[in-house]
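In: model the structure of this input:
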Amino acid sequence: MTKPLYLNPNRLFPTDSNARGICEQLYASVKSLPIISPHGHTDPRWFADNQGFANPSDLLLTPDHYVLRMLYSQGISMQALGVAPRDGGEYEKDPRKVWRTFASHYHLFRGTPSRMWLDYVFCELFGIDVRLGADSADHYYDIMFEALQTEAFRPRALFDRNNIEVISTTESPLDDLRHHQKILSSDWQGRVISAFRPDPVVDPEFEGFSANIAKLAEITQLDCASFSSYLEALKLRRAFFKSTGVTSTDHGHPSAATADLATRECERLYQKVRSGEFSAAEAELFRAQMLTEMAKMSLEDGLVMQIHPGSYRNHNPMLFQQFGRDKGADIPLQTEYVKALAPLLNKYGNEAKLTIILFTLDETVYSRELAPLAGHYPALKLGPAWWFHDSPEGMRRFREQVTETAGFYNTVGFNDDTRAFLSIPARHDVARRMDCNFLSQLVAEHRLEEDEAFELAHDLSYRLAKKAYKL
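Out: As a prediction, the model looks like this:
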């Protein structure tokens, strides 16, 4: 029998009645604030062309690697989930059948953040009042498919309806930003900007690195034959991105390693990695040097620098070869920051005009490394609980371990870091509820005054992200 879908208005609030009452008031003061989404991976084409989404599967399943990884872990093939193999092989092309597969396995998401986000989307955005399962799969599909045919569910309308003030996508230096240019030239007032993600041209182990450098040279009309020419080409691309409204860069390196090599050594290393004949250690050293070079450029052009280390990308080589990136096979790594960042911080860490936002997938470094670093260096701020820790428990652990040393104002609020467009309001709602939960406990324990908690709730939900990302 189909069961009702109900979102308790006090979900994620404290169980203690005193703290819960405070939390209710705090949340009421921030729940309707505009959404600042300063880092994510939604497709800018959606907002440029403003075409309706084809069907529920393409909207909610295919772009969401959280969903794909859970289903794949239970033996459901990518082909059955509608993901096309690179070699042109067979896959399920009927989105209704894909949706039925997902719905019949929805129980796998019990207790996960994905379940919370998806139920929010189903209930709040589509008005569905029964739980998803095999018996309600077609009911869900029909309601959502019909809604997606309407103007109210086109990307720009959803952007406005969900009170998004600004959203950042993420593009390579090789991207011409044509979709962003189209948005800028339109009469729509929604603010969609990119973030400069140089990994394809600064990571020697990124697929197609040498060809990417050649493309960079072609775009900039600089030969990139020397390290200095290569750096100038990157500066040109940064300037182009900035001209479209970009305010940040993003660096997804395997580690947080940085370096400060002599000019001659930089040139030698660049020629080595450009040739394609290099060791893993040389690739790591080049990435390390490039983080320091990017910090220098950020000090010059004002772009906020985000460092997202600690992910072993494409851990499943078979899956990567068949289906490409971002299919749920990225795995967290143990990550060291104190020694790794020392070369960069020795050079630029005391620059108050520079903003470097650090993220981690290694929670063991919150109190030992990241909070003390951000609690000292003017250039450093801490990004929120990220990716595998973008959950109620992860958010609580982050606040508990970081606040005592770094405080609240060396953090940058919340960012959703998602490809799943409709999950954005759900994710921000969870973050606001959990921050209000944390603040209410401090008030209940007489460690924070109520008026300070209300100000902090507003800061954590809105102002800190807007300020940190220069939005």
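
In: list the contacts of the most centrally placed residue in the chain.
Out: Residue closest to the average C-alpha location in the chain (C-alpha atoms, centre = their mean): residue 417, at 1.8 Å. Residues near residue 417 by C-beta atoms under 8 Å, 6 or more residues apart in numbering: 39, 40, 41, 386, 387, 390. (Glycine included, C-beta is placed from N, CA and C.)

In: need the nearest residue in space to residue 251, chain neighbours excluded.
Out: Nearest residue to residue 251 in three dimensions, chain neighbours excluded: residue 307, at 5.1 Å (C-beta to C-beta, 6 or more residues apart in numbering).

In: next one: phi and psi at the one you found?
Out: For residue 307, the backbone dihedrals are phi -120, psi 120 (criterion: degrees, to the nearest 10).

In: would you mind measuring from it to residue 334?
Out: Separation of residue 307 from residue 334 (C-beta to C-beta, to the nearest Å) stands at 16 Å.

In: which helix or strand contains residue 451?
Out: Assessed by DSSP states H and E, residue 451 sits inside helix 450-458.

In: with only the CA atoms kept, save that helix in PDB.
Out: Provided in PDB are the C-alpha atoms of helix 450-458 (Å, rounded to 0.1, in the frame of the first residue of the first chain):
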ATOM      1  CA  GLU A 450      20.000  35.200  21.300                       C
ATOM      2  CA  ASP A 451      20.600  38.400  19.400                       C
ATOM      3  CA  GLU A 452      24.100  37.100  18.300                       C
ATOM      4  CA  ALA A 453      22.500  33.800  17.200                       C
ATOM      5  CA  PHE A 454      20.000  35.600  15.000                       C
ATOM      6  CA  GLU A 455      22.800  37.600  13.400                       C
ATOM      7  CA  LEU A 456      25.000  34.500  12.900                       C
ATOM      8  CA  ALA A 457      22.100  32.600  11.400                       C
ATOM      9  CA  HIS A 458      21.800  35.300   8.700                       C
END
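
In: give the next helix or strand downstream of that helix.
Out: Taking DSSP H and E, what comes next after helix 450-458 is helix 464-468.

In: out of the contacts of residue 417, who's nearest residue 236?
Out: Of all the contacts of residue 417, residue 39 has the smallest distance to residue 236: 23.1 Å, by C-beta to C-beta.

In: ok, residues contacting stretch 447-462?
Out: With C-beta under 8 Å, 6+ apart as the test, stretch 447-462 has contacts from 22, 25-27, 29-30, 33-34, 36, 408-409, 411, 413-414, 428, 431-432, 435-436, 439-440, 442-443.

In: which ones among those lie within helices?
Out: The helices, defined by DSSP state H, take in 22, 25-27, 29-30, 428, 431-432, 435-436, 439-440, 442-443 from the contacts of stretch 447-462.

In: element containing residue 372, please.
Out: Assigned by DSSP H and E, residue 372 falls within helix 371-374.

In: elements contacting the next helix or strand after that helix?
Out: Counting by DSSP H and E, the next helix or strand C-terminal to helix 371-374 is strand 380-382. With contacts taken as 3 or more C-beta pairs under 8 Å, 6 or more residues apart in numbering; DSSP states H and E, strand 380-382 sits against strand 356-358, helix 371-374.

In: what's the closest of the ones you listed to residue 155?
Out: Nearest to residue 155 among those is strand 356-358; the distance by C-beta to C-beta comes to 26.9 Å.

In: pLDDT of the closest one, averaged?
Out: When pLDDT is averaged over strand 356-358, the result is 98.

In: equivalent analysis for stretch 279-292, please.
Out: 98.

In: so how far is that stretch from its chain's centroid?
Out: Distance of stretch 279-292 from the chain centroid (C-alpha atoms, centre = their mean, to the nearest Å) equals 24 Å.

In: buried ones in that stretch?
Out: For stretch 279-292, the neighbour count (16 or more other C-beta atoms under 10 Å) marks 283, 284, 285, 286, 287, 288, 289, 290, 291, 292 as buried.

In: likewise for stretch 374-382?
Out: By neighbour count on 16+ other C-beta under 10 Å, the buried set for stretch 374-382 is 374, 377, 379, 380, 381, 382.

In: between the residues you listed, which is nearest residue 51?
Out: The shortest approach to residue 51 among these belongs to residue 381, at 36.9 Å (C-beta to C-beta).

In: now do the strands in this protein.
Out: Here the chain has its strands, by DSSP state E, at 35-37, 164-168, 191-193, 248-251, 304-307, 311-312, 331-332, 356-358, 380-382.

In: how about those strands in CSV, adding distance to residue 97?
Out: Below are those laid out as CSV (distance: least, C-beta to C-beta, whole Å):
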stretch, distance to residue 97
strand 35-37, 32
strand 164-168, 32
strand 191-193, 33
strand 248-251, 36
strand 304-307, 39
strand 311-312, 32
strand 331-332, 30
strand 356-358, 42
strand 380-382, 44
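
In: between those strands, which gets nearest to residue 82?
Out: Closest of the strands of the chain to residue 82 is strand 331-332, at 23.9 Å (criterion: C-beta to C-beta).

In: just to check, residue 246 is in contact with residue 192?
Out: No. If you go by C-beta atoms under 8 Å, residue 246 and residue 192 don't touch, sitting 10.9 Å apart.
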